[in-house]
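Undergrad: pasting the structure only:
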């Protein structure tokens, strides 16, 4: 009975695709793994042939990047996703892999795109770049046992999912504490999303900081309908905040434009702190005080984790936390020095 690639893979405890990559001396496989698999091949008397090499063609050597539905201008222009794609692409290139992008205007279309990429073996696995509580994609990937990693914290099944994230609750808490340390007491939390997990975590952090300081916690101010922008001016007159915590830099820029329209000056009338430290933070004056989430490291760790899964054929799980850093600029002032 002849020895097959599957026999070698079983003995080595790796995927058949890994054996095929070893046969083809693929750069994504570590030298240690190559030596171990080749030693097992020699021990079993396996001689690579055309069939084994053809088996390697079942491996696409590509990673699928799943973006959220691009259903708003904020998402279309959000540099977070552009920076993430750039980092994943570079990390994949260094491992001899390419990337393919899945996106759509809604979840139904996005799911069909992902299904097609998977069934046609266009990619070996996926990186999901968002966490949304209405997302059918993550359920499909789990049900079909498709290798994937998630950027962001999942809503459930944390013990079954490999994900890379910042401590967004701590981010929200520290952003709010920074305003409190600058003697702000009337602080509002501003967001244009209420579905993504990043909103819940950062808002929880805001709530915690306010409660620990014995300050009044306000409901999140949401901008999801045209009338929300119209009603914002009246809300400011009623609440009289001195500072705002905004969900991310891109939306903070829009809020600053809206405040200028209403004759509010940042930071003289309202201080603002936001998140991500994107390119938008320093595009216009005043420069945004923002918390840097290290997008490059998020993308890098997610890609390395997925490649590790693909090479070892293991559905591992666990959380990897990327550190953050407060970048102090021009949009927060100390009320006692005003």
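TA: The structure has been received and is ready for your questions. Note that this is a predicted model, so its numbers are computed, not measured.

Undergrad: number of nearby residues for residue 181?
TA: By other C-beta atoms under 10 Å, the residues close to residue 181 number 12. C-betas here are computed from N, CA, C, even on glycine.

Undergrad: gap between it and residue 187?
TA: 12 Å (C-beta to C-beta, to the nearest Å).

Undergrad: what's the answer for residue 122, then?
TA: Counting by C-beta to C-beta, the gap from residue 122 to residue 187 is 47 Å.

Undergrad: look at the two and report which has more neighbours.
TA: The neighbour comparison of residue 122 against residue 187 (other C-beta under 10 Å) goes to residue 187, with 25 against 13.

Undergrad: just give the nearest non-adjacent residue to that one, would you?
TA: residue 243 (4.8 Å; C-beta to C-beta, 6 or more residues apart in numbering).

Undergrad: what's around that neighbour, how many residues?
TA: 25.

Undergrad: and stretch 94-107, what's buried?
TA: 95, 97, 99, 101, 102, 103, 104, 107 (16 or more other C-beta atoms under 10 Å).

Undergrad: what kind of secondary structure is the fourth one in?
TA: This points to residue 101. strand (DSSP: H, G, I helix; E, B strand; the rest coil).

Undergrad: and the pLDDT at the residue lying closest to it once chain neighbours are set aside?
TA: Spatially, and ignoring its direct neighbours in sequence, residue 101 is nearest to residue 65 (5.0 Å; C-beta to C-beta, 6+ apart). Listed pLDDT for residue 65 reads 98.

Undergrad: wait, isn't residue 65 in contact with residue 97?
TA: No - judged on C-beta atoms under 8 Å, residue 65 makes no contact with residue 97 at a distance of 11.7 Å.

Undergrad: now what about the helix or strand hosting residue 235, what contacts it?
TA: Residue 235 belongs to helix 226-239 when assigned by DSSP states H and E. Contacts to helix 226-239, defined as C-beta atoms under 8 Å, 6 or more residues apart in numbering, come from residues 186, 188, 218, 221, 222, 223, 258, 262, 264.

Undergrad: can you give me the strands for this protein?
TA: 62-66, 98-102, 125-128, 148-151, 162-165, 187-191, 221-222, 243-246, 271-276, 289-292, 318-321, 325-327 (DSSP state E).

Undergrad: could I get the ones you listed as TSV with distance to residue 111?
TA: Putting these into TSV (distance: least, C-beta to C-beta, whole Å) gives the following:
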stretch	distance to residue 111
strand 62-66	10
strand 98-102	9
strand 125-128	12
strand 148-151	14
strand 162-165	20
strand 187-191	25
strand 221-222	26
strand 243-246	31
strand 271-276	27
strand 289-292	32
strand 318-321	25
strand 325-327	36
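
Undergrad: lowest average pLDDT across the ones you listed?
TA: Among the strands of the chain, strand 318-321 scores lowest, with a mean of 92.

Undergrad: what residues sit buried inside it?
TA: For strand 318-321, a neighbour-count test (16+ other C-beta under 10 Å) marks nothing as buried.

Undergrad: swap in stretch 284-301?
TA: For stretch 284-301, the neighbour count (16+ other C-beta under 10 Å) marks 286, 288-301 as buried.

Undergrad: cool, stretch 173-188 as well?
TA: So stretch 173-188, judged by 16+ other C-beta under 10 Å, has buried residues 173, 174, 175, 176, 177, 178, 179, 180, 182, 184, 187, 188.

Undergrad: swap in stretch 66-77?
TA: Those would be 66, 67, 68, 69, 70, 74, 75, for stretch 66-77 by 16+ other C-beta under 10 Å.

Undergrad: and for stretch 138-156?
TA: 138, 141, 146, 147, 148, 149, 150, 151, 152, 153, 154, 155.

Undergrad: please name the residues that touch residue 186.
TA: Residue 186 neighbours (C-beta under 8 Å, 6+ apart): 216, 239, 240, 241, 242, 243.

Undergrad: and residue 205, by the same measure?
TA: Applying C-beta under 8 Å, 6+ apart, the residues contacting residue 205 are 168, 169, 170, 171, 172, 173, 174, 175, 176.
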